[in-house]
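# For reference, the sequence and a predicted model appear below.
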Amino acid sequence: MTQPKFTTDKDGDMGNPREARLGGMVLPLESYGSVTDSTLIGPDGRPSPTFRSELREIPSLRNALSVLGIYVQAVVVIAVAMRLNNVVTYALAILLMGRTHAQCLGLMHESVHRLLMRNKSVNDFFGRWLLGYPAFTNTDGYRIVHMAHHREEFGPNEPDIPLYANYPITTASFWRKMRRDALFVTGGKMLRGQFVGLFRGIPLVRHTNAKIFAVQAVLVVAFWYLVAPWRYVVFWLVPYLTVWRVMNRLRSIAEHGGLRADDDRRVTTHSVRQSRLASFLFVPFNLGWHIAHHTDSGVPFRSLPKYHAALRQSGFVTSDYEYPNYRSLWRALRAG
């Protein structure tokens with residue numbers, strides 16, 4: 001496969017001219033197992049037709065309730081923070097509302113794969129108006145770049161190279177990235193770009209940005225009517241611009257940081273053993289079962305744990321390949 005060339009700054013993001021370094025986190029060949037005597041999993045990790053048919057079930061009503069649950073949780077978090085009304089509960093609420101953005105974008109990701117609802121129109125409505133636009137995301141634009149990501153990870157059209165390149169990095173570089181994300185730099189730059197996109201660029205992008213900001217206006221009015229408009233900033237905008245940006249980077253580099261193009265998905269995608277705490281905080285809706293997702297992106301999120309268990313049982317995923325927790329992977333990513 002042809003490796004792409006990009007320019008990056010000293011912390012691995014887009015900037016000063018330098019060729020992106022890929023493959024620094026690829027494991028030794030012996031870490032990757034081979035499928036042995038499995039009727040469910042093929043040599044490339046893909047499920048057998050019968051098993052895949054079983055995995056492909058989409059429970060639309062249950063998924064709709066999950067979307068509703070995101071908003072119910074958000075209301076409860078805000079109500080409790082306002083009721084207790086102290087610095088600690090406000091800080092905790094901001095953290096949990098960052099998780100709300102992670103939840104919105106987790107299920108938006110599912111809708112992008114058209115796996116959230118069985119009906120395509122309903123799926124796209126949920127993905128745009130209830131999940132993507134409230135979280136400042138152009139769902140249709142994301143679908144285009146995300147499908148490019150799945151077609152050829154680290155290929156010439158890979159959109160996320162700036163997030164994945166040059167690992168392992170130094171500890172100092174790692175924490176510079178975290179500070180930029182936590183202190184509004186990354187989020188502010190992206191939000192400014194969207195605002196400018198209201199007035200410049202192609203009409204389709206302008207129209208979509210207008211829809212995103214229209215939904216934000218609805219949220220401002222809702223906060224205004226129910227509590228106070230400034231609390232929109234505290235409980236919705238600030239978590240998106242800070243907590244969510246940190247969560248997004250930590251999740252993204254744990255998915256593909258430091259890897260490279262290859263036909264074997266284990267060379268392009270990390271695998272991390274999942275915990276309840278990680279699933280609760282920043283990889284909701286089974287986003288953490290990422291090797292299963294990339295081996296067959298047509299499997300809905302509720303079936304990914306079952307699929308991953310079959311991958312382990314078959315020998316495709318081994319303990320040598322899979323990191324025991326996120327902390328161990330993040331430590332390896334900053335060992336440059």
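Ah, there it is.

# need the helix or strand of this protein with the lowest average pLDDT.
Lowest by mean pLDDT, DSSP states H and E among the helices and strands of the chain is helix 161-164, with a mean of 90.

# So what's the gap between that helix and the chain middle?
Per C-alpha atoms, centre = their mean, to the nearest Å, the displacement of helix 161-164 from the mean C-alpha position of its chain is 13 Å.

# What's the first helix or strand after that helix?
Using DSSP states H and E, the helix or strand that follows helix 161-164 towards the C-terminus is helix 171-182.

# In PDB, list the C-alpha atoms belonging to that next one.
Included here for helix 171-182 are C-alpha records, laid out as PDB according to Å, rounded to 0.1, in the frame of the first residue of the first chain:
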ATOM      1  CA  THR A 171       5.800  12.600  27.300                       C
ATOM      2  CA  ALA A 172       6.300  16.400  27.000                       C
ATOM      3  CA  SER A 173       4.700  16.300  23.500                       C
ATOM      4  CA  PHE A 174       1.800  14.100  24.800                       C
ATOM      5  CA  TRP A 175       0.900  16.600  27.500                       C
ATOM      6  CA  ARG A 176       1.200  19.600  25.200                       C
ATOM      7  CA  LYS A 177      -1.500  18.000  23.100                       C
ATOM      8  CA  MET A 178      -3.600  17.400  26.200                       C
ATOM      9  CA  ARG A 179      -3.200  21.000  27.300                       C
ATOM     10  CA  ARG A 180      -4.300  22.300  23.900                       C
ATOM     11  CA  ASP A 181      -7.400  20.200  24.000                       C
ATOM     12  CA  ALA A 182      -8.300  21.000  27.600                       C
END
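
# name the helices or strands packed onto the least confident helix or strand of the chain?
Counting contacts by 3 or more C-beta pairs under 8 Å, 6 or more residues apart in numbering; DSSP states H and E, helix 161-164 is packed against helix 243-256. Every residue, glycine included, has its C-beta placed from N, CA and C.

# what's the helix or strand just after the helix it packs on packed up against?
If you walk from helix 243-256 toward the C-terminus, the next helix or strand you reach (DSSP H and E) is helix 265-268. Using 3+ C-beta pairs under 8 Å, 6+ apart as the contact criterion, the neighbours of helix 265-268 among helices and strands are helix 290-295.

# Can I get the helix or strand following the helix it packs on in PDB, CA atoms only?
Towards the C-terminus, the helix or strand next in line after helix 290-295, according to DSSP H and E, is helix 304-314. Taking only C-alpha atoms (Å, rounded to 0.1, in the frame of the first residue of the first chain), the coordinates of helix 304-314 have been written out as PDB:
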ATOM      1  CA  LEU A 304     -19.500  -6.000  19.000                       C
ATOM      2  CA  PRO A 305     -18.700  -7.600  22.400                       C
ATOM      3  CA  LYS A 306     -20.100 -10.900  21.100                       C
ATOM      4  CA  TYR A 307     -18.000 -10.600  17.900                       C
ATOM      5  CA  HIS A 308     -14.900  -9.700  19.800                       C
ATOM      6  CA  ALA A 309     -15.300 -12.700  22.100                       C
ATOM      7  CA  ALA A 310     -15.500 -14.900  19.000                       C
ATOM      8  CA  LEU A 311     -12.300 -13.200  17.600                       C
ATOM      9  CA  ARG A 312     -10.500 -14.000  20.900                       C
ATOM     10  CA  GLN A 313     -11.800 -17.600  21.000                       C
ATOM     11  CA  SER A 314     -10.700 -18.200  17.400                       C
END
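
# buried residues in stretch 233-250?
Applying a neighbour-count criterion of 16 or more other C-beta atoms under 10 Å, one finds 234-250 buried in stretch 233-250.

# Using the three-state scheme, assign residue 200.
Judged by DSSP: H, G, I helix; E, B strand; the rest coil, the three-state class of residue 200 is coil.

# Leaving out chain neighbours, which residue sits closest to it?
Of all residues not flanking residue 200 in the chain, residue 206 sits nearest, at 7.5 Å (C-beta to C-beta, 6 or more residues apart in numbering).
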